[in-house]
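[1] Predicted structure and sequence below. I'll ask about it afterward.
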Amino acid sequence: MTNTLHSTAESASRVLDQLRGKQVLITGTTGFLGKVVLEKLIRTVPDIGGIHLLIRGNARHPHARERFLNEIACSSVFERLKLEDGDRFEQFLDTKVHCVTGEVTEPLFGMGREQFDGLAGQLDAVINSAASVNFREELDKALAINTLCLKNIAGIAKAGDLAVVQVSTCYVNGKNAGQVHEEVIRPAGASIPRSQHGFYEMDELIALLQDKIADVRSRYSGKVLEKKLVDLGIREANHYGWSDTYTFTKWMGEQLLTKALQGQSLTILRPSIIESALEEPATGWIEGVKVADAIILAYAREKVTLFPGKRSGVIDVIPVDLVANGIILSLAEALSERQEHRIYQCCSGSSNPISLGEFIDHLMEEARTNYAAYDHLFYRQPTKPFIAVNRKLFDAVIGGARLPLSIADRLMKMARQTKELKLLRNIDTTRSLATIFGFYTAPDYIFRNDQLMALSERMGALDQALFPVDACQVDWAVYLRKIHLAGLNRYALSERKLYRLKTNKVRKAA
């Protein structure tokens with residue numbers, strides 16, 4: 001641990017001063033961003049009063065503490081803490097990390113009223129990073145986790161008069177074009193009533209969507225029902241001005257929470273496309289395959305060579321550690337200045353933009369010159385280019401190529417030849433990725449982060465060093481070619497033997 005840094009910093013850091021002794025509830029720590037926030041708080045804010053983690057039990061680990069020790073505490077995200085001072089890390093987990101078994105989508109988190117009120121009475125603030133980030137989620141599930149569960153977040157905030165930091169997404173902007181500021185976003189499609197307080201009224205829209213969900217449920221079942229609920233979500237999102245169910249329901253969640261917490265402290269923090277860490281806890285640290293990575297992986301495996309996209313458009317990528325720092329800065333401010341609502345965007349597009357064309361060129365050049373360094377990503381040097389074209393040309397080329405191949409595939413099956421055409425399979429992979437991510441590779445908007453940068457400046461030089469949020473520090477050539485690809489190769493694509501807590505602790509939890 002950097003104890004010298006902490007002892008020097010505590011008196012001068014507004015963040016450390018505000019968080020000293022505070023009790024914070026975090027949801028979503030089984031996810032990528034939630035783990036980074038938790039790691040940063042443990043490592044950098046040793047005098048925090050306590051961190052409470054709301055964790056849903058599962059079949060293997062029904063209790064929150066058991067699941068935390070076996071699925072979260074053993075993550076590679078904590079390797080730095082364990083290597084620097086493993087005993088101190090374990091002591092922090094024993095004394096300051098409190099695991100609460102509960103479900104964020106259930107009223108009272110699935111607890112009894114007495115337990116729920118007791119939890120609220122212990123807390124000072126809530127960070128809600130729980131979400132379904134599936135762009136094509138079934139509408140009922142997306143609505144439950146991204147929108148309706150915020151009634152429960154508001155419930156505990158009201159019960160304990162707590163500050164709330166809600167993690168949203170810059171892409172609540174939907175299909176609006178131009179400069180996107182840190183403010184309430186208007187729908188780009190069908191109109192939705194807006195209150196005199198600035199937020200949009202959700203009650204009628206939610207009731208309408210629930211009626212449509214009930215109608216679909218009454219007519220279908222099984223896998224067909226799942227598909228119909230996915231299709232319903234996309235259709236409704238498009239109707240109101242969003243490209244997918246995820247961003248539509250996250251926008252709805254912002255409105256619901258803004259209304260519910262009138263007169264209380266609320267900060268909405270919107271990240272853009274979150275990718276691997278720039279520096280902390282380790283350069284390139286990442287968990288799983290994220291938005292851009294699915295396309296990178298498909299190119300690396302030579303499944304995709306053509307993709308719909310706008311080479312001149314700004315693709316807004318932000319390292320996960322900068323987002324975690326933005327959350328912690330927002331938390332400190334929310335605890336010091338109550339009864340205000342704020343919106344911050346953690347992004348790169350306005351201050352340090354990179355175009356889709358530059359992004360692709362960095363990827364192809366690294367693949368050409370250094371593919372062998374990424375043995376889990378590139379099985380061999382890609383032989384084909386990765387080309388971004390406009391959507392109409394993409395649809396024409398892919399559709400034209402697929403028709404004869406699909407006929408040939410059917411003929412082969414009629415002749416009882418079971419081998420699938422590889423080219424047809426690759427085209428279907430390309431179409432699937434384009435359906436999910438095509439909106440994000442043809443941007444005509446720029447996300448601004450002026451208010452977040454002003455917050456960072458207000459916090460002072462020391463907190464700017466401890467909790468940096470400025471995307472200007474990212475050298476995109478270095479980040480994309482050396483940090484991000486290396487992180488994908490090391491963390492996301494290889495099976496690694498993780499450093500675990502002491503065996504007796506895991507056994508004790510079991």
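    Looks like it arrived, so ask away.

[2] and H197, what is it in contact with?
    By CB atoms under 8 Å, 6 or more residues apart in numbering, H197 lies in contact with 258-259, 262. C-betas here are computed from N, CA, C, even on glycine.

[3] Would you mind putting these into JSON lines with neighbour count, secondary structure and distance to N70 alongside?
    Formatted as JSON lines, the contacts of H197 follow (neighbours: other CB atoms under 10 Å; DSSP: H, G, I helix; E, B strand; the rest coil; distance: CB to CB, whole Å):
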{"residue": "T258", "neighbour count": "23", "secondary structure": "helix", "distance to N70": "37"}
{"residue": "K259", "neighbour count": "18", "secondary structure": "helix", "distance to N70": "39"}
{"residue": "Q262", "neighbour count": "12", "secondary structure": "coil", "distance to N70": "40"}
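
[4] all strands for the stretch 151-300 of the chain, in order.
    Secondary structure of the stretch 151-300 of the chain by DSSP state E, counting those that start in this stretch: the strands cover 163-167, 178-180, 266-271, 273-275.

[5] The last one pairs with which strands, and in what direction?
    Each strand that strand 273-275 pairs with, and the sense of that pairing, follows from DSSP bridges: strand 317-319 (parallel).

[6] what does the average pLDDT come to for the strand it pairs with?
    Here strand 317-319 scores 97 as its mean pLDDT.

[7] how about low-confidence regions in the stretch 301-450 of the chain?
    399-424 (pLDDT under 70).

[8] With the chain instead?
    The low-confidence ranges in the chain, as defined by pLDDT under 70, are 1-11, 399-424, 494-510.

[9] which stretches of it form strands?
    Taking DSSP state E as the test, the strands found in the chain are 23-27, 50-55, 97-101, 125-128, 163-167, 178-180, 266-271, 273-275, 306-308, 317-319, 341-346, 387-389, 445-447.

[10] export those strands to a markdown table and tack on distance to E39 and mean neighbour count?
    Output for the strands of the chain, formatted as a markdown table (distance: least, CB to CB, whole Å; neighbours: other CB atoms under 10 Å):
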| stretch | distance to E39 | mean neighbour count |
| --- | --- | --- |
| strand 23-27 | 11 | 24 |
| strand 50-55 | 11 | 22 |
| strand 97-101 | 11 | 20 |
| strand 125-128 | 13 | 26 |
| strand 163-167 | 16 | 27 |
| strand 178-180 | 30 | 15 |
| strand 266-271 | 17 | 25 |
| strand 273-275 | 15 | 23 |
| strand 306-308 | 34 | 21 |
| strand 317-319 | 14 | 27 |
| strand 341-346 | 17 | 24 |
| strand 387-389 | 35 | 17 |
| strand 445-447 | 26 | 21 |
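
[11] among these, which is nearest P468?
    Minimum separation from P468 across those (CB to CB) falls at strand 317-319, 9.9 Å.

[12] Can you get me the centre-to-centre distance for the closest one and its chain?
    Put simply, strand 317-319 sits 11 Å off its chain's centre (CA atoms, centre = their mean, to the nearest Å).

[13] re the thing from before, tell me which of the strands of the chain sits nearest to D475.
    That would be strand 317-319 among those, by CB to CB, at 11.6 Å.

[14] possible to save the strands of the chain as a markdown table with distance to H63?
    Putting those into a markdown table (distance: least, CB to CB, whole Å) gives the following:
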| stretch | distance to H63 |
| --- | --- |
| strand 23-27 | 17 |
| strand 50-55 | 9 |
| strand 97-101 | 6 |
| strand 125-128 | 21 |
| strand 163-167 | 25 |
| strand 178-180 | 42 |
| strand 266-271 | 30 |
| strand 273-275 | 29 |
| strand 306-308 | 45 |
| strand 317-319 | 34 |
| strand 341-346 | 33 |
| strand 387-389 | 48 |
| strand 445-447 | 40 |
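
[15] okay, the strands of the stretch 151-300 of the chain in a markdown table with distance to S355 next?
    Converted to a markdown table, these look like this (distance: least, CB to CB, whole Å):
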| stretch | distance to S355 |
| --- | --- |
| strand 163-167 | 27 |
| strand 178-180 | 17 |
| strand 266-271 | 20 |
| strand 273-275 | 14 |
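
[16] Nearest to V77, out of these?
    Using CB to CB, these put strand 273-275 closest to V77, at 13.9 Å.

[17] what's that closest one in contact with?
    Counting by CB under 8 Å, 6+ apart, 32-33, 286, 290-293, 315-320, 323, 440, 484 sit against strand 273-275.

[18] ok, V24 to L306 distance?
    Between V24 and L306 the distance is 47 Å, computed by CB to CB, to the nearest Å.

[19] swap in I192?
    Separation of I192 from L306 (CB to CB) stands at 37 Å.

[20] can you check T169 too?
    Counting by CB to CB, the gap from T169 to L306 is 27 Å.

[21] Next: L41.
    From L41 to L306 the distance is 44 Å (CB to CB).

[22] try V180
    Taken as CB to CB, the span from V180 to L306 is 29 Å.

[23] ok, and the closest non-adjacent residue to V172?
    W251 (3.9 Å; CB to CB, 6 or more residues apart in numbering).

[24] Counting neighbours, what do you get for the one you found?
    By the measure other CB atoms under 10 Å, the count of residues near W251 is 28.

[25] The one 5 residues further on too?
    As a burial measure, the neighbour count of L256 was computed by other CB under 10 Å and equals 24.

[26] doesn't N146 make contact with it?
    No. Using CB atoms under 8 Å, L256 is not in contact with N146; the gap is 9.9 Å.

[27] How about the contacts made by E358?
    W476.

[28] ok, L329 to I268 distance?
    On the measure of CB to CB, L329 and I268 end up 14 Å apart.

[29] check contacts around L261.
    The contact partners of L261, by CB under 8 Å, 6+ apart, come to 154, 157-158, 164, 341.

[30] Likewise for A282?
    79-80.

[31] And the helices in the stretch 151-300 of the chain, which stretches?
    Applying DSSP state H, counting those that start in this stretch to the stretch 151-300 of the chain gives helices spanning 203-219, 222-240, 245-260, 291-300.
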